[in-house]
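K.L.:
Quick one, structure for this:
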Amino acid sequence: MYHRLTSSSTLLNLAQALTYHKTSYEDMSLQDLHAAQESQIIQNLCDTFRNILRL
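P.N.:
Got it, this is the predicted structure:
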């Protein structure tokens, strides 16, 4: 998995985006609407990441 992640710029960018949004969600005190949007972004990124890794 590590080799697959590091050899693909797409997977690496996706992982970085997921890390950024997850950190933002956990570290910042977000208002309800913004928190819900951030949570949806995280879920979408996770789903995309899972689907790509299944291929």
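K.L.:
from the middle of its chain, how far away would the lowest-mean-pLDDT helix or strand in the chain be?
P.N.:
Here the helix or strand of the chain ranked lowest by mean pLDDT, DSSP states H and E is helix 2-7, holding a mean of 74. Relative to its parent chain, helix 2-7 has a centroid offset of 16 Å by CA atoms, centre = their mean, to the nearest Å.
K.L.:
What distance do you get for Leu30 to Arg54?
P.N.:
Distance from Leu30 to Arg54, counting by CB to CB, to the nearest Å: 31 Å. C-beta: built from backbone N, CA, C; applies to glycine.
K.L.:
Could you check which of the two is surrounded by more residues?
P.N.:
Shown here are Leu30 and Arg54; by other CB atoms under 10 Å, Leu30 has more neighbours (15 against 6).
K.L.:
Pull the contacting residues for the closest residue to Ser24 other than its chain neighbours.
P.N.:
In space, Ser24 comes closest to Glu38 once its chain neighbours are excluded; the distance is 6.2 Å by CB to CB, 6 or more residues apart in numbering. By CB atoms under 8 Å, 6 or more residues apart in numbering, Glu38 lies in contact with 21, 24-25, 30.
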